Every structure is written in structure tokens, then in C-alpha cells.
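In: what follows is a predicted protein model with its sequence.
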Amino acid sequence: MTATTSPTRSPNTGYAIALTGVLFWSSTAIFISYLLNHYMLAPLTLAFWRDLFVSVALGLSLFLFRRDLLKIERRHRLFLTGYGVTLAAFNVLWTYSVALNGAAAATVLAYSSPALTALIARTALNEPLTRLRAAAIVVSISGCVLVSGAYEAKAWAVNPIGIVVGLGSGLGFACYSILGKFSSRRQLNSWTATWASFGIAAVVLLFTQTGATLFTLGSAIDGWLILIVLAIIPSLGGYGLYTVSLGYLPAGTANLIATLEPALTAILAFIVLHETLTPIQLVGSALIVGSVVSLTKT
């Protein structure tokens, strides 16, 4: 199925696809936290292997079931290269934002992406920025602040470079969303675009590695298996379905739905890791969910 935008495509289908993708995405932090804490993986090393495994797993699936989708026309190659480099840049900026700002502040800075996406899409894609969507963006970012705990002053004890890097991660995800919409308009299959972008991102991130960091997991078979699961379920499922949803929804709308991630992650952490949800986090989660629900009225 080719991810093209068509008047016959129901936005409700797009909402369902995007929400399912974000549900997959929300488990990412659970896997990453376990790998970083138990195996001492460097964040960029984890990002490299995740991108590589996503590309390999999807490539094998396409080879077995839809081999024709592995053929990339010459006119799309430069575009897909830029798509992959953008994904790699987002991964790098997000990783360093967490290191410089802490998880709470980094989360809020990254979720500047819905506002940035809406503004860029208004110019680049002629997508309307309605009052309801603008209000939903404000409410959603407010919810992210509450869920992440970034309302505490200590979460913002950062240097100017950290803030710039954090905002850069939001811009990186916004650009990834915009390019995903362009790939839909170019009539690129969503899974072809996902496979190619992750493969190119892996190549880019390979240059950030050294021999010492690349094989930190060594012979820890269980660690490699967890990393593979991380790549196939949260990463491939999340990014793949998000890319598919861009064939049904405006980039700004799909990106705003992605802000459900911190709320869903908090809920999963409560269920899986038995982490306590505070009343403030519950309020923030409600704000994020409410902002996404409001999009169905547009």
C-alpha cells in the first residue's frame, strides 16, 4: 500500500494508526532504561544498533513479502538520504539533550516539535493552523511539562548550549515529520521510506562509534535480544505506523498526537516498573489526552 494523501482517506483511520504507533513508541523508554542501567551501553551506541536492527528487520520482511518495495527510484534517492540524515540528527540531539538537560527538561524541549511542525507545515505544506489546533498545541505542551516534572526549577538548571541542543531535538523531530509528509506526497511507500531512513541513519551513527563502544554488550545474549525487541516493536512499530499515518493526517496533527508518548510512558512505567504516578502527572496526562481528542473536531 502506498502512503499517498487522498480525499477518500478517512482521518479517523489516520488517528487510529498514529495512536497505535505512539502506543508502541511509549514503551521505548522502558527498554532503553533497562539496557542503559543493566548493560552500561552508551546512548549513541544504543541508537546505532537500534537503527541498524530496524532497517535489517524491515528489509528482511520486505524481501520476503514485498520485494518490489526494496526498489528505490533514482528520483527518490537524494530525498531519502536527507530523510535518514534528519533521523540520525534527531537521535543525536535527543541523546545529548538528555545528557545536558536531564530527562525532564529534555522531554519538554523535545516536545516543542508540535508547535514547530505546525509553523513549518503552514509554510512548506500549506497546512492550516486553526485556532483549535494552536490551542491544542499549548495545552499539550503544558501537559508534557506536568508529566515530565519540568515545572520544578531544578529541572531547568541548564546552560545555554543545553537549551539550544534541546530545542534542536524538537526541531529535528519536526523536520522528520515534515519530510515524512513529503514522502507521502512523493508517493513513496511508507515502509520503504522507513526502511531507507533507518538504514541511512545507522550509517551516519556508525561514524560516532569506536571499536570499544560498538560491542559493549559482548557475549550478553540476553542484552542483544532485548535490543532486537526494542528495534522491532517500539522503534519499527512506532516510526513505521507514524509514517503511515502521515498519509492520512496533516503533519502538525500527527506530530501533536505523538505528544501522548510521555503520558503513555508514565502509565507503562507504573504498570511494568511499579513507578508511582503523582496527581500532577495524572493531570498532565489528562491535558495531553484532551488536546489529542480535540483534534477529532477539526
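Out: Structure's in. What do you need?

In: wait, residue 168 touches residue 93, no?
Out: Yes: between residue 168 and residue 93 there is a contact under C-beta atoms under 8 Å: 4.6 Å. C-beta coordinates here come from the backbone N, C-alpha and C atoms, glycine included.

In: which of those two has more neighbours?
Out: residue 93 (23 against 20; other C-beta atoms under 10 Å).

In: which residue packs closest to that one, ignoring adjacent ones?
Out: In space, and not counting its chain neighbours, residue 93 is closest to residue 169: 4.0 Å by C-beta to C-beta, 6 or more residues apart in numbering.

In: cool, residue 43 as well?
Out: Closest residue in space to residue 43, ignoring its immediate chain neighbours: residue 95 at 4.2 Å, by C-beta to C-beta, 6+ apart.

In: was I right about that neighbour contacting residue 47?
Out: Yes: at 6.3 Å, residue 95 counts as touching residue 47 under the criterion of C-beta under 8 Å.

In: helix, strand or coil for the closest residue to residue 40 other than its chain neighbours?
Out: In this structure, residue 40 finds its nearest non-sequential neighbour in residue 216, 6.6 Å apart by C-beta to C-beta, 6+ apart. Recorded secondary structure, residue 216: coil (DSSP: H, G, I helix; E, B strand; the rest coil).

In: and residue 216, how many residues sit next to it?
Out: Applying other C-beta under 10 Å, I find that residue 216 has 17 neighbouring residues.

In: thought it was touching residue 38?
Out: No: in this structure residue 216 lies outside contact range of residue 38 using C-beta under 8 Å: 11.6 Å.

In: re earlier: what helix or strand is the residue nearest to residue 93 located in?
Out: Per DSSP states H and E: residue 169 is located in helix 160-185.

In: flag every buried residue along that helix.
Out: 162-163, 165-184 (16 or more other C-beta atoms under 10 Å).

In: okay, now the unreliable bits of the stretch 51-200 of the chain?
Out: Where the stretch 51-200 of the chain drops to pLDDT under 70, the residues are 102-105, 107-108, 147-148, 150, 155-159.

In: so which strand or helix has the residue nearest to residue 43?
Out: When elements are assigned from DSSP H and E, residue 95 belongs to helix 74-101.

In: against which helices or strands is that helix packed?
Out: Packing partners of helix 74-101 (3 or more C-beta pairs under 8 Å, 6 or more residues apart in numbering; DSSP states H and E): helix 43-65, helix 103-110, helix 160-185, helix 190-206.

In: other residues contacting the helix or strand following the shortest one?
Out: Counting by DSSP H and E, the next helix or strand C-terminal to helix 103-110 is helix 113-124. Contacts made with helix 113-124 from outside it, assessed by C-beta atoms under 8 Å, 6 or more residues apart in numbering, are listed as 127-129, 133-134, 137, 140-141, 170-171, 173-175, 177-178, 181, 250-252, 255-256, 258-259.
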